[in-house]
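Enquirer: Any chance you could fold what I've pasted below:
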Amino acid sequence: MSACLNSVYIAAAKFCRQRVFMVCGAVFAMSGAALPPAPALAKTLIYCAEASPGGFDPGLYTDGATYAASSQTVYSRLVEFAHGSSAIVPALAESWDISPDGKIYIFHLRRGVKFHRTPYFKPQRDFNADDVVFSFDRQVNKANPWHNYLEGQSYQYYESMDMPNIIKSVEKLDDYTVRFELNQAEAPFLADMAMDFASIVSKEYADRLAAAGKMREFNSKPVGTGPFILVAYQKDAVVRFRANPEFWRSRQALDKLIFAITTDNAVRAQKMRAGECQLMAYPAPTDIPMLEADKNITLMRGVDMNVSYLAYNTQLPPFDKVEVRRALNMAVNKKALVDIVFGGFGTVAVNPMPPSLWGYNKAIAPDIYDPAKARQMLAQAGVKNLRLQLWALPVSRPYLPNGRRAAELIQSDWKAVGVETDIVTMEWGEYLKSATDKSRNSVVMMGWIGDNGDPDNFLATLNSCAAIGTANYAMWCNKAYDALIDQAKRITDQHERARLYEQAQVIFKEQAPWLTLAYGTALMPVAKRVKNFHVDIHAIRFDDVDID
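Expert: Numbering: from 1, shown residues only. Have a look, this model is predicted:
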């Protein structure tokens, strides 16, 4: 368009906005031939997120804030979960074969899948079996230079799932066929492959970074095959994505996706009502009636598959005594805590897994609230003048909307039985990293959202001996408990598996490595002009989402 014609067009557009339609028609008629249509506005969705991602390599992390910004946006997996359920659907693997003994899985890979083209990487080949082998080898093989490419980081989820002992080998049969051999049958294995830690990364990109001496950039400048490409990230402020034009399923309807990092849930609610974001994470219970009454917002509810808890470091005194742990549990008025902190959108937790999950033991009684008995038990255990640190959850989560307030209530209850408490908190990424320290002589407030719809994801991932130093923040190892959950993995009969998991929960309750707090209601405020968003059980996802 010429400069002169462009001036006329802009002037006409200005008049149009002022609704001077007759003048508009005259001006456009003067311009001569038909003008090209104005470009359509880019479809942008702004998500008010509760925390910054720890990084963009999902293999290194276990938290939902990181997964939302990395594995669920930038990457894909061999298989994935169908929206709104735990059903497994093909992804980078089009199909798979499983041996009769359950030890061999052969994945047939999708052809023509492109890795992201970015200012810092131009792929020279499509996704293939080399990428799959590399994605898993780096997490287990200590000789792989990518096994410890970031100081102080480890593949926490891979280790807490005991994958080093489950997977015997990952072998490339040809460019589009990969063979997994397991040491023994593993009932939840296919669901495990749909989890965030199993995201497939680019070996070609890793090789280039290694050759250039820039391995650290693997966690800050990600390259995947997922629906969105990272554009920019400013910690504690914003993450920007654009649609991947070569996404293997199809280009997404959203052109741009923006994470507005907003740690205060009240401020998130204000932004939501003002239209500054179209989706927000984890509203405070006090804001729910206001959001529910807003005619422009839909309050969506998902499956309540989560739990919040306090983890004692059971390897260090005084928490190495089960009598002390039980006494501290007995001193906390959990019903009052849930009523105050959740405001009717949570229930008191009994077991380390939620009642929405099969295998939940309904026969186990809730913790008794008895401060007098708790004080007596502490005295009998020889505990006097106890002063401890309680770490308060620094972010709002569906399993605990206000960690600080919960910590204050627990502090008050413990004071009533003669225990002094110092409340400590820190930045979310540092909090998660420090909580895995085996020398941590403190009580950590934590929680978990189920990733694959299997009890193993709670009972083994969070409490197995293998998970100590990763997701087992209680550093608890009980051989009888471990034997039950290990046996449950090896069989496919769900009824029998449920029976074993119920027995494991009995041992857990007797040993009390946690103070189970609550099961939270999963609520997501969504602008009514947002289409096709699902409250998924395991992650916040933006694939297939559209906006008017």
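Enquirer: report the longest helix in this structure, please.
Expert: When the chain is parsed with DSSP state H, its longest helix is helix 494-511.
Enquirer: For the most centrally placed residue in the chain, which residues are in contact?
Expert: For the chain, the residue nearest the mean C-alpha position is G64 (2.1 Å; CA atoms, centre = their mean). G64 makes contacts with R397, I449, A539, I540, as judged by CB atoms under 8 Å, 6 or more residues apart in numbering. All C-beta atoms are positioned from the backbone trio N, CA, C, and that covers glycine.
Enquirer: Just the buried subset of those, please.
Expert: Among the contacts of G64, the ones that count as buried by 16 or more other CB atoms under 10 Å are R397, I449, I540.
Enquirer: wouldn't the last one be in contact with A281 here?
Expert: It refers to I540. Yes. Counting by CB atoms under 8 Å, I540 does reach A281; the two are 7.1 Å apart.
Enquirer: Next up, the contacts around the closest residue to S169 other than its chain neighbours.
Expert: Once flanking residues are discounted, S169 sits nearest to E181: 4.8 Å by CB to CB, 6 or more residues apart in numbering. Each residue near E181 by CB under 8 Å, 6+ apart is listed here: K103, I104, I167, K168, S169, V170, E171.
Enquirer: And for R125, the neighbour number?
Expert: Per other CB atoms under 10 Å, the neighbour tally for R125 reads 13.
Enquirer: picking that back up, mind putting the buried ones among the contacts of G64 into TSV with pLDDT?
Expert: Formatted as TSV, the buried ones among the contacts of G64 follow (pLDDT from 0 to 100):
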residue	pLDDT
R397	88
I449	91
I540	92
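Enquirer: So which of the residues you listed sit within strands?
Expert: Among these, the residues falling in strands (DSSP state E) are I449.
Enquirer: just checking, the residue nearest to S169 is part of a helix?
Expert: No. Counting by DSSP: H, G, I helix; E, B strand; the rest coil, E181 is located in no helix; its state is strand.
Enquirer: Bridged to it, which residues?
Expert: Per DSSP bridges, the residues bridged to E181 are I104, S169.
Enquirer: what about it, distance to V201?
Expert: Separation of E181 from V201 (CB to CB, to the nearest Å): 21 Å.
Enquirer: do Y233 as well
Expert: From Y233 to V201 the distance is 18 Å (CB to CB).
Enquirer: which one of the two has more residues nearby?
Expert: Neighbours per residue (other CB under 10 Å) separate Y233 from V201, with V201 holding more: 24 against 20.
Enquirer: Pull the contacting residues for that one.
Expert: Taking CB under 8 Å, 6+ apart, we find V201 in contact with D57, G59, Y75, D131, F134, S135, F218, V223, G224.
Enquirer: How about the secondary structure of it?
Expert: Classified using three-state DSSP, V201 is coil.
Enquirer: So for the residue nearest to the centre of the chain, what's the pLDDT?
Expert: At G64, the predicted lDDT confidence score is 91.
Enquirer: now swap in the one 5 residues further on and tell me
Expert: Reading off the confidence values, A69 has pLDDT 97.
Enquirer: G54 is in contact with that one, correct?
Expert: No. Using CB under 8 Å as the test, A69 is too far from G54 to be in contact (9.2 Å).
Enquirer: who's more crowded, these two?
Expert: Remark: of A69 and G54, A69 carries more neighbours, 29 against 24, as counted by other CB under 10 Å.
Enquirer: Grab the nearest non-local neighbour of the more buried one.
Expert: P53 (3.9 Å).
Enquirer: what about the one you found, helix or strand, and which?
Expert: For P53, there is no host helix or strand (DSSP states H and E).
Enquirer: Spit out the contact partners of it.
Expert: Y61, A65, T66, A68, A69, S70, Y233, V239 are the contacts of P53 under CB under 8 Å, 6+ apart.
Enquirer: now with 6 Å?
Expert: Taking CB atoms under 6 Å, 6 or more residues apart in numbering as the criterion, P53 is in contact with A65, T66, A69.
Enquirer: next one: I229
Expert: H116, R242, N244.
Enquirer: Can you list the strands that the helix or strand hosting it pairs with?
Expert: Using DSSP H and E, I229 sits in strand 228-234. With DSSP bridges as the test, strand 228-234 is paired with strand 238-243 (antiparallel).
Enquirer: what residues does the strand it pairs with touch?
Expert: Applying CB under 6 Å, 6+ apart, the set of residues contacting strand 238-243 from outside is 69, 73, 228-233, 251-252, 255-260.
Enquirer: Moving C-terminal from it, which element do we reach first?
Expert: strand 256-261.
Enquirer: just checking, what packs against the strand or helix carrying I288?
Expert: Taking DSSP H and E as the definition, I288 sits inside helix 288-293. Under the contact criterion of 3 or more CB pairs under 6 Å, 6 or more residues apart in numbering; DSSP states H and E, helix 288-293 touches strand 297-301.
Enquirer: The strand it packs on: what's the following helix or strand?
Expert: Using DSSP H and E, the first helix or strand after strand 297-301 is strand 306-311.
Enquirer: Parallel or antiparallel, which strands does that following strand pair with?
Expert: Partners of strand 306-311 in its sheet, by DSSP bridges: strand 443-449 (antiparallel), strand 514-520 (antiparallel).
Enquirer: Helix or strand next in line after it, which one?
Expert: Heading C-terminal from strand 306-311, the first helix or strand you meet, by DSSP H and E, is helix 322-330.
Enquirer: So for that next one, what gets flagged as buried?
Expert: Quick answer for helix 322-330 (16+ other CB under 10 Å): V324, R325, R326, A327, L328, N329, M330.
Enquirer: now, which of those residues sits nearest A293?
Expert: For the buried residues of helix 322-330, the minimum distance to A293 (CB to CB) is 38.3 Å, reached by N329.
Enquirer: isn't that closest one right up against D367?
Expert: Yes. The criterion here is CB atoms under 6 Å, and N329 meets it with D367 at 5.2 Å.
Enquirer: just to revisit the earlier point, and the strand holding I229, average pLDDT?
Expert: Averaged over strand 228-234, pLDDT sits at 98.
Enquirer: Off-centre distance for it?
Expert: Chain-centre distance of strand 228-234: 18 Å, with CA atoms, centre = their mean, to the nearest Å.
Enquirer: what about the strands in the stretch 351-500 of the chain?
Expert: Counting by DSSP state E, counting those that start in this stretch, one finds strands in the stretch 351-500 of the chain at the ranges 387-391, 420-424, 443-449.
Enquirer: Save those strands as TSV, and put in distance to A349 too.
Expert: Shown next, in TSV, are those (distance: least, CB to CB, whole Å):
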stretch	distance to A349
strand 387-391	17
strand 420-424	20
strand 443-449	10
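Enquirer: Can you give me the neighbour number for K433?
Expert: K433 has 17 nearby residues by other CB under 10 Å.
Enquirer: nope, K415 is what I meant
Expert: Other residues near K415 come to 12 when the count uses other CB under 10 Å.
Enquirer: residues contacting it?
Expert: Contacts of K415 were listed using CB under 6 Å, 6+ apart, and none were found.
Enquirer: Tell me, how many residues neighbour M161?
Expert: Residues near M161, counting by other CB under 10 Å, number 30.
Enquirer: From K334, how far off is it?
Expert: The gap separating M161 from K334 is 29 Å, by CB to CB.
Enquirer: helices and strands of this protein: which one has the lowest mean pLDDT?
Expert: Lowest on mean pLDDT, DSSP states H and E among the helices and strands of the chain sits helix 21-30, with a mean of 32.
Enquirer: That helix: what's the following helix or strand?
Expert: With elements assigned by DSSP H and E, the helix or strand that comes after helix 21-30 is strand 44-49.
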